[in-house]
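Asker: From the sequence below, what's the structure:
(chains A and B)
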Amino acid sequence: MDFTALRNKAIKEWQALWSGDKPLILVGLATCGMAAGANAVLKAIKDELARRNIEANIIPIGCIGLCYLEPLVDIVKPGKPRICYSHVTPEKAIKLIEDYLINDNPHPDLALGTFGDSTVDNIPKFFELKMLKPQVRIATRNCGHINPEDINHYIAKDGYSGLNKSLGMHPKEVITEVEKSGLRGRGGAGFPTWRKWDEARNSKATPKFVVCNADEGDPGAFMDRSVLEGDPHAILEGMAIAGYAIGTPNGYIYVRAEYPLAVRRLNIAIDQAKKTGLLGNNILDSGFSFDIEIMQGAGAFVCGEGSALMYSIEGKRGMPRVRPPRSVASGLWGLPTSLNNVETFANVPPIIINGGDWHAGYGTETSKGTKTFALTGKINRPGLIEVPMGITLRQIIYEIGGGIPGDKPFKAIQTGGPSGGCLPETLLDTPVDFETLTKAGSIMGSGGMVVLDKDTCIVDVARYFIAFCRDESCGKCVPCREGLPLMSKILERITQGEGNAEDIEQLMDMGKTIINSSLCGLGNSAPNPVLSSIRYFRDEWEAHAIDKKCPALVCKALINFYILPDKCAGCGICLRACPVEAISGGKRMVHVIDQDKCIKCGTCLEKCPERFSAIVKMTGEHVAVPKEPVPITTT
Amino acid sequence: MCRADRKGTEEIDTRNYQVIELMEEIDLKKQIREILTPLQDRHVVLIPALQAVQEKFGHLPEVAMDEIGRVAGVSPNVVYGVASFYSQFRFIKPGEHMIKICLGTACHVRGAAGLVESLERELHIEPGKTTPDGKFSLEEVRCFGSCALAPVIVVDDQVYGNVTTAKTKEILDEFN
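Answerer: All right, here's what the predicted structure looks like:
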């Protein structure tokens, strides 16, 4: 079967789609788009086009990373550049069809940016936008630009060209190219990819396995989800190239249960690849066969750990084991297994097509290439970004992320999920790569980046992460199984106002012990959020443990809500809103919160009209309030 | 409690088993066998079998465990050992509507804990339980990966983003 002919046909069809005489409409239909309401927008577009008898090509696209702007709809009018519109509602979509498709008003007021060389008046170029300019999209190259459910789109955009080229090389040459690229594991451990493949290749036992870790268990991370939903073929191709280099026809993708759309798109992609002859037996008449089976996770964070993942594939409890032997020597069923992350595989095809040196042109001395990050939390522009290694945290948060909502002061950035740490403002100029973040006391991890502002309590975040790891512990080794609940109890006491100075020392001591003696990466890194936040935010810890105060006004046991007698207008809104009837008062009476009944939910503060602003939240201080409602004294 | 001892303290609900008439039990076994037959050719059967049964019934009925063991070639206690390790599997029939609240990092810093409390107040149940009328089940999920829309609640297949305390009531009303 002739790959060149296949590719040329796909390119021709692609070009006809984009430069034909029918308009092309692209609708963002990844999980974030759908959660923002894209399905209703799609229906409105289809209905309106039908109503007006307009024929157009509509294709679903994946996540382009601007999650805070979803739903996104792109319109390509014949002869005009592609224009991206943001925050599209069914009403806006209908308007755009009338104003732009029928008349000629491209609506700069609703437009985000244009693609390509030609421009449209008053609409900026998409990739010149502040949040996109610093980005280099390699792993996410096709996300938001192709229909993930159409293999021909992928082929037209250099898809499977990497595999085709590899099949004409010796497997060792493929590995050499990956070595030149400097690609390191994107799951967080940063192990050199070429070495893993080389060791698997050199292992004597057969059969061997190529496995893709698509578990993405870190809460706050969705980079892999975006690639799986937006460009599933990139993973299939990367895995096939790995299979060729290592010398095995067996592939598994382990996807977490919480990603049903990703599973669906992967299944469609595998099916299409097999039908096209790019997966399965004797690919492109090369003699090389490769097949991929999908295994779904079942809700266990620890199964993101390599050995636990393999046990889970085998149908066992996901409990990690001691290494050595490493999985490349003895993994699935005791056989050589090469496990890589989704993002690692997504980077492989371009490395083969453009050469390893091209990839090594991006990044830093030790960390080549780009990294995707899920930028979330207290940030104006949350979403999925991909940047060259070496960019600073400050650039990510302020240039790309647009800073903190309400211009509130920055407090910390939490990187690396539950295995990582919180870094303060003084470290914002740290360039991002594997080594620098580790030196600073955190880790790069799989790419989760949560921004915290002054209203986020660091101690509460540490408590949250320890509780998470405690619940997800597999239970096998003592330090993790027994140590994390003990740390958790101390943290509960501190946030309940029952801590003391020794608690902080004890947490540090236990944390170090658990790190040094746990069996696997979960235990080895679970105490990191606690230790790094004590290192950089000691005064906040001491405020909780010693002064019984929560400076961020989050820990319920350490805060109180009061109605200020000189500001209360007796309107009664708070009384009616209180879910536990803790407020008493009457018309033109100063209302009073019963501190014993108050559950600190904050509803009253939310509801009190701004012109009165009579309710305050305080820590460690008390406001003089009447015991019972009293008439308002007007001055 | 780590995952090793979590399920041990939960009562396996055998109510549905006890009230099923013999005919219904035979029919249930037949349905389960139909679900499991296509999986027999797979290299690894156990977890896909558990997932397929739960997909159909919303939980793992007791009669299914023996059948799954038979197809997977393992004893029922191995089946229970595996099923109880993973959070996805339920042994008790869920409600008509499954409410899943995300407790990921981004959702947590944007107030998910408050939403859990709000849902507990509205439904009068804790996470992991079903309302007495069988209408709603409440579950906590570690992360849906929709962090840019935090806080997130998923009801059945519908994803709700940027949820506030006030919105939780509106969402529940949609299903009432």
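Asker: Can you give the contact residues for the longest helix seen in chain B?
Answerer: Ordering each helix of chain B by length in residues (DSSP state H) puts helix B:22-36 first. Under the contact criterion CB atoms under 8 Å, 6 or more residues apart in numbering or on different chains, helix B:22-36 has outside partners B:20, B:49, B:52-53, B:56, B:61, B:63-64, B:67-68, B:71. The C-beta positions use only the backbone N, C-alpha and C, and glycine is treated the same way.
Asker: Quick check: buried residues in that helix?
Answerer: Neighbour-count burial for helix B:22-36 flags B:28, B:31-32, B:35-36 (criterion: 16 or more other CB atoms under 10 Å in any protein chain shown).
Asker: Next: stretch A:74-84.
Answerer: Buried residues in stretch A:74-84 (16+ other CB under 10 Å): A:74-77, A:80-84.
Asker: Now do it: distance from first to last residue.
Answerer: End-to-end distance for stretch A:74-84: 4 Å, by CA to CA, to the nearest Å.
Asker: Kindly report the same for stretch B:71-81.
Answerer: 16 Å.
Asker: What are the buried residues along it?
Answerer: The neighbour-count check on stretch B:71-81 (16+ other CB under 10 Å) flags B:71-72, B:74, B:78-80 as buried.
Asker: cool, stretch A:453-468 as well?
Answerer: For stretch A:453-468, the buried set under the neighbour-count rule, 16+ other CB under 10 Å, comprises A:453, A:455-468.
Asker: Just the closest of the residues you listed to residue A:215, please.
Answerer: Nearest to residue A:215 out of those is residue A:468 (CB to CB; 15.0 Å).
Asker: So what touches the worst-scoring helix or strand of chain A on mean pLDDT?
Answerer: Lowest on mean pLDDT, DSSP states H and E among the helices and strands of chain A sits helix A:31-35, with a mean of 86. With contacts defined as CB under 8 Å, 6+ apart, helix A:31-35 is touched by A:27, A:63, A:67, A:70-72, A:222, A:225, A:229, A:259, A:261, B:144-146, B:148-149, B:152, B:159-161.
Asker: and those, which of them are in helices?
Answerer: Taking DSSP H as the definition of helices, the contacts of helix A:31-35 contribute A:225, A:229, A:261.
Asker: how about those in CSV, adding pLDDT, distance to residue A:1 and neighbour count?
Answerer: As requested, the ones in helices among the contacts of helix A:31-35 are exported to CSV (pLDDT from 0 to 100; distance: CB to CB, whole Å; neighbours: other CB atoms under 10 Å in any protein chain shown):
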residue, pLDDT, distance to residue A:1, neighbour count
A:225, 93, 33, 30
A:229, 94, 28, 28
A:261, 91, 31, 18
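Asker: can I get the CA coordinates of the helix or strand just after the longest helix of chain B in CSV?
Answerer: As assigned by DSSP states H and E, the chain's next helix or strand after helix B:22-36 is helix B:46-57. Extracted in CSV, the C-alpha atoms of helix B:46-57 (Å, rounded to 0.1, in the frame of the first residue of the first chain):
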residue,chain,number,x,y,z
LEU,B,46,-11.2,-9.5,35.0
ILE,B,47,-11.3,-5.7,35.2
PRO,B,48,-13.0,-5.3,31.8
ALA,B,49,-15.6,-7.8,33.0
LEU,B,50,-16.2,-5.9,36.2
GLN,B,51,-16.5,-2.7,34.2
ALA,B,52,-18.9,-4.2,31.7
VAL,B,53,-21.2,-5.5,34.4
GLN,B,54,-21.2,-2.2,36.3
GLU,B,55,-21.9,-0.3,33.0
LYS,B,56,-25.1,-2.4,32.6
PHE,B,57,-26.4,-2.5,36.2
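Asker: Can you give the domain ranges for chain B?
Answerer: Split into domains by automatic domain parsing, chain B comes to B:3-85, B:97-174.
Asker: rank the ones you listed by mean pLDDT and give me the bottom one.
Answerer: Ranked by mean pLDDT, the domains of chain B bottom out at domain B:3-85, with a mean of 82.
Asker: which of the ones in helices among the contacts of helix A:31-35 come close to chain B?
Answerer: When contact is defined as CB under 8 Å from any CB of the partner chain, the ones in helices among the contacts of helix A:31-35 meet chain B at residue A:225.
Asker: Same list (the ones in helices among the contacts of helix A:31-35) but as TSV, adding distance to residue B:113.
Answerer: Below are these laid out as TSV (distance: CB to CB, whole Å):
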residue	distance to residue B:113
A:225	24
A:229	28
A:261	27
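Asker: so the closest residue in space to residue A:35 that isn't next to it in sequence bridges to which residues?
Answerer: Spatial nearest neighbour of residue A:35, chain neighbours left out: residue B:159 (3.7 Å); criterion: CB to CB, 6 or more residues apart in numbering or on different chains. Taking DSSP bridges, one obtains residue B:154 as the residues bridged to residue B:159.
Asker: List the contacts of residue B:159.
Answerer: Each residue near residue B:159 by CB under 8 Å, 6+ apart is listed here: A:31, A:34-35, B:144, B:146, B:149, B:152.
Asker: Which members of the buried residues of stretch A:453-468 occur in helices, if any?
Answerer: Per DSSP H, the buried residues of stretch A:453-468 map to helices at A:458-468.
Asker: for those residues, which one is nearest residue A:242?
Answerer: residue A:468 (31.6 Å).
Asker: Confirm for me that residue B:49 is in contact with residue B:71.
Answerer: Yes: with contact defined as CB atoms under 8 Å, residue B:49 counts as touching residue B:71 (5.9 Å).
Asker: Overlap in contacts, these two.
Answerer: Joint contacts of residue B:49 and residue B:71 (CB under 8 Å, 6+ apart) are B:36, B:39.
Asker: need the residues of the stretch 201-350 of chain A near chain B, please.
Answerer: A:216-222, A:225, A:257-260, A:293, A:295-302, A:312-318.
Asker: With the stretch 1-150 of chain A instead?
Answerer: Within the stretch 1-150 of chain A, the positions near chain B by CB under 8 Å from any CB are A:31-32, A:34-36, A:67-68.
Asker: Kindly recompute the last result at 6 Å.
Answerer: With CB under 6 Å from any CB of the partner chain as the criterion, the stretch 1-150 of chain A comes near chain B at residues A:31-32, A:35, A:67-68.
Asker: Out of the residues you listed, grab the one that's most surrounded.
Answerer: residue A:32 (34 neighbours; other CB atoms under 10 Å in any protein chain shown).
Asker: Tell me the spatial nearest neighbour of that one, not counting adjacent residues.
Answerer: In space, and not counting its chain neighbours, residue A:32 is closest to residue A:67: 4.4 Å by CB to CB, 6+ apart.
Asker: repeat for residue A:522
Answerer: residue A:302 (5.5 Å).
Asker: do residue B:105 as well
Answerer: Once flanking residues are discounted, residue B:105 sits nearest to residue A:220: 3.6 Å by CB to CB, 6+ apart.
Asker: Let's see the strand or helix carrying residue A:542 as CSV, backbone CA atoms only.
Answerer: Assigned by DSSP H and E, residue A:542 belongs to helix A:538-545. Provided in CSV are the C-alpha atoms of helix A:538-545 (Å, rounded to 0.1, in the frame of the first residue of the first chain):
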residue,chain,number,x,y,z
ARG,A,538,6.6,29.1,57.8
ASP,A,539,4.9,32.1,59.3
GLU,A,540,1.5,31.0,58.0
TRP,A,541,2.1,27.6,59.6
GLU,A,542,3.0,29.2,62.9
ALA,A,543,0.0,31.4,62.7
HIS,A,544,-2.2,28.3,62.5
ALA,A,545,-0.4,26.1,65.0
